[in-house]
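A.B. asks: Predicted coordinates and the sequence they were generated for:
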Amino acid sequence: MNILIIPEDFRNDQYILKPIIEAMVTELGKPTAKVRVCKDSLLGGVSQALKWDNILQIIERYKGMVDLFLLCVDRDNDVGRKTVLTNIEQQAQNILPEKKGFLAENAWQEIEVWVLAGHSLPKNWNWQAIRNESNPKEVYFLPFAKECGVINEPGEGRKTLANEVVSRYKRIRRICPEDIANLEGRIKNWL
Amino acid sequence: MIFDSHPAENPPVQQNPERLAVRICLGNNAEEEFVETFSNNQPILSQLAGSVGAYGSRWQYLTFEVHLFGNSGELESAGLLHLINSLMGELRSMQFLDLNPEAIRIPSYPGQTILGDRGENLSAVLQDICTNKEKKKALIQWVDELTPMDVADFTFSSDLNGKILVNLVEADKSVVSANSASDGTLRFLALATAMFSPNSSTFYFVEELENGIHPTRLYLLLQLIENRLKNSASEEIGNKQLVTTTHSPQLLRFLSPSALDYTSLIYRLLGNSDGQIKKILEIPAARRIMEQQDLGHLQEAGWLEDVVIFLDEAVMSQ
């Protein structure tokens, strides 16, 4: 099975999305699935990632070889984002051949929270506050990466910190029900 | 202090072919103005800086106090000679990197901590950096991301003269010597080494940053540079700055918003012998247009060339 992840900006997101999605599909019984991240530079930010024309270009490019497209963006505390993603899913499903899938998910409130979910965090950090924070990357992730001594690594430490948590995927799923658990459930249904 | 050998008005007479007559103006309002001669085979600044002997400088005006805003934002005063020496120090710390894989592949004596302009001493400088575990790990990660190799470690081999050469060790323990590594890998490794080294310069010029780097890895190069420049101030290595040029639309596409603030277009119009420089974001409507179309595409489509010609004609026709 071939899976293509479409991030809103691959430069940093790739380090988080690839290992976590790989862990997710392994949990679903597909450990040999090939997971790749779309590195289209035109998707530089959520507004570009949510443009149907850009998504269409990517689908046209890959539909002959990809079984499942996963569009993964930040929620940014935007309650309307899920509706936008649902619309994109609908448009994609209308043009994809049968047996090919397109699912879209938004991380509460940024992708970086999925990495934090797998780590032992400072005792004075409240998990619900992290989930509700509009800028978790600046407020929590980057200070955490600095504390771990990985801020100078590729992706400001995202690569190392994400690889460290794949073995704790079930914990991530448990404490990220709105996004991780939701996405896993939908992939399971699609399979 | 302003010194000019050929000011537009009343230039000093150049009487001696071996001496350069220079007008010197001191003070914010040129309170003192006179002509001095200097040797014409050495920079004037270095002649001034090196002029202080046992009895002080023969140029008494070097004791002139100047007032300027210091780093704290407060008005400070300093002797002119002190300022000149500070400026010389800054100029000395500038480096024009012209990274050459052949130079990078030359073994170097351990203990060297300064990278040469062409990448000389890379192995020794890298070995020095690797004594810091965190920096070594970060460097390995960057090189691993850049290349199709699965780089897991650096080792260093000695020759009969005691010089060392770096090897890239892959996860399966296979070893690739610097002699066998690609030119692009070596250039990237040298630039990364310069960015991580505490003893290298604080101001770099690099032409055509994208040389030898695969287009799909250009974003890594920019990430590395921005990461190091952002974090250098908080480490012991001091504020680093880097000025670079590019012709690559792929690289332009990956510029971050903060980098775009400092990006300029350098051009020369037909019939004009002078080069000109213009900040990209000062081009009318550039910010709005780039929200819809990336800078790389605009460059490929010739928009930047069209803009400078149209704008120039607009000024002329006013």
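C.D. replies: Noted; the coordinates are in hand.
A.B. asks: elements contacting the helix or strand harbouring A:Glu184?
C.D. replies: Using DSSP states H and E, the element containing A:Glu184 is helix A:182-190. Taking 3 or more CB pairs under 8 Å, 6 or more residues apart in numbering or on different chains; DSSP states H and E as contact, the helices and strands that helix A:182-190 lies on are helix A:10-27, strand A:68-74, strand A:101-107. (Each C-beta comes from the backbone N, C-alpha and C, glycine too.)
A.B. asks: The second one: what's the following helix or strand?
C.D. replies: The reference is to strand A:68-74. Next along from strand A:68-74, by DSSP H and E: helix A:81-95.
A.B. asks: relative orientation of that following helix and helix A:182-190 in degrees?
C.D. replies: 20 degrees (axes from the mean of the first three to the mean of the last three CA atoms, to 10 degrees).
A.B. asks: helices and strands around helix A:81-95, which ones?
C.D. replies: Helix A:81-95 packs on helix A:52-62, strand A:68-74, strand A:101-107, going by 3+ CB pairs under 8 Å, 6+ apart.
A.B. asks: swap the cut-off to 10 Å and go again
C.D. replies: helix A:46-49, helix A:52-62, strand A:68-74, strand A:101-107 (3 or more CB pairs under 10 Å, 6 or more residues apart in numbering or on different chains; DSSP states H and E).
A.B. asks: what's the weakest-modelled helix or strand in chain A?
C.D. replies: Least confident element among the helices and strands of chain A, by mean pLDDT, DSSP states H and E: helix A:46-49 (a mean of 88).
A.B. asks: and B:Ile211, what does it touch?
C.D. replies: That one is not Ile; residue B:211 is Asn. B:Leu99, B:Asp183, B:Gly184, B:Arg187, B:Thr246, B:His247, B:Ser248 (CB atoms under 10 Å, 6 or more residues apart in numbering or on different chains).
A.B. asks: which one of these has the most neighbours?
C.D. replies: B:Leu99 (25 neighbours; other CB atoms under 10 Å in any protein chain shown).
A.B. asks: dump the residue contacts of B:Asn167.
C.D. replies: B:Asn167 makes contacts with B:123, B:153-157, B:175-181, as judged by CB under 10 Å, 6+ apart.
A.B. asks: Serialize the contacts of B:Asn211 to JSON lines and add fields for secondary structure, pLDDT and distance to B:Pro198.
C.D. replies: Listed next are the contacts of B:Asn211 as JSON lines, based on DSSP: H, G, I helix; E, B strand; the rest coil; pLDDT from 0 to 100; distance: CB to CB, whole Å:
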{"residue": "B:Leu99", "secondary structure": "coil", "pLDDT": "93", "distance to B:Pro198": "19"}
{"residue": "B:Asp183", "secondary structure": "helix", "pLDDT": "91", "distance to B:Pro198": "27"}
{"residue": "B:Gly184", "secondary structure": "helix", "pLDDT": "89", "distance to B:Pro198": "26"}
{"residue": "B:Arg187", "secondary structure": "helix", "pLDDT": "92", "distance to B:Pro198": "21"}
{"residue": "B:Thr246", "secondary structure": "coil", "pLDDT": "95", "distance to B:Pro198": "27"}
{"residue": "B:His247", "secondary structure": "coil", "pLDDT": "93", "distance to B:Pro198": "32"}
{"residue": "B:Ser248", "secondary structure": "coil", "pLDDT": "94", "distance to B:Pro198": "30"}
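A.B. asks: Tell me the one among those residues nearest to A:Ile20.
C.D. replies: B:Gly184 (30.4 Å; CB to CB).
A.B. asks: what's the neighbour count on the residue lying closest to that closest one once chain neighbours are set aside?
C.D. replies: Nearest residue to B:Gly184, sequence neighbours excluded (CB to CB, 6 or more residues apart in numbering or on different chains): B:Gly212, at 3.5 Å. Around B:Gly212 there are 15 other residues, counting by other CB under 10 Å.
A.B. asks: List of residues touching stretch B:294-304?
C.D. replies: So stretch B:294-304 is contacted by A:41-42, A:44, A:48, B:246-255, B:260, B:263, B:265, B:267, B:278, B:280, B:283, B:286, B:289-290, B:293, B:305-307 (CB under 10 Å, 6+ apart).
A.B. asks: Can you list the buried residues in it?
C.D. replies: B:Asp294, B:Leu295, B:Gly296, B:His297, B:Leu298, B:Gln299, B:Leu304 (16 or more other CB atoms under 10 Å in any protein chain shown).
A.B. asks: Endpoint to endpoint, stretch A:127-146 covers what distance?
C.D. replies: One end of stretch A:127-146 sits 19 Å from the other (CA to CA, to the nearest Å).
A.B. asks: Mind listing what's buried along it?
C.D. replies: Buried, per 16+ other CB under 10 Å, within stretch A:127-146: A:Ile130, A:Arg131, A:Glu133, A:Pro136, A:Lys137, A:Tyr140, A:Phe141, A:Leu142, A:Phe144, A:Ala145.
A.B. asks: same check, this time on stretch A:19-32
C.D. replies: For stretch A:19-32, by 16+ other CB under 10 Å, it's A:Pro19, A:Ile20, A:Ile21, A:Glu22, A:Ala23, A:Met24, A:Val25, A:Lys30.
A.B. asks: CA atoms only: put it into CSV for me.
C.D. replies: Taking Å, rounded to 0.1, in the frame of the first residue of the first chain, the C-alpha atoms of stretch A:19-32 are listed here in CSV:
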residue,chain,number,x,y,z
PRO,A,19,7.1,8.5,11.6
ILE,A,20,3.7,9.0,13.3
ILE,A,21,1.7,7.9,10.3
GLU,A,22,4.0,5.0,9.8
ALA,A,23,3.3,4.0,13.5
MET,A,24,-0.4,4.5,12.9
VAL,A,25,-0.6,2.2,9.9
THR,A,26,1.6,-0.4,11.6
GLU,A,27,-0.9,-0.4,14.4
LEU,A,28,-3.6,-1.0,11.8
GLY,A,29,-1.8,-4.1,10.5
LYS,A,30,0.0,-2.5,7.6
PRO,A,31,3.7,-2.3,8.7
THR,A,32,5.0,-2.6,5.1
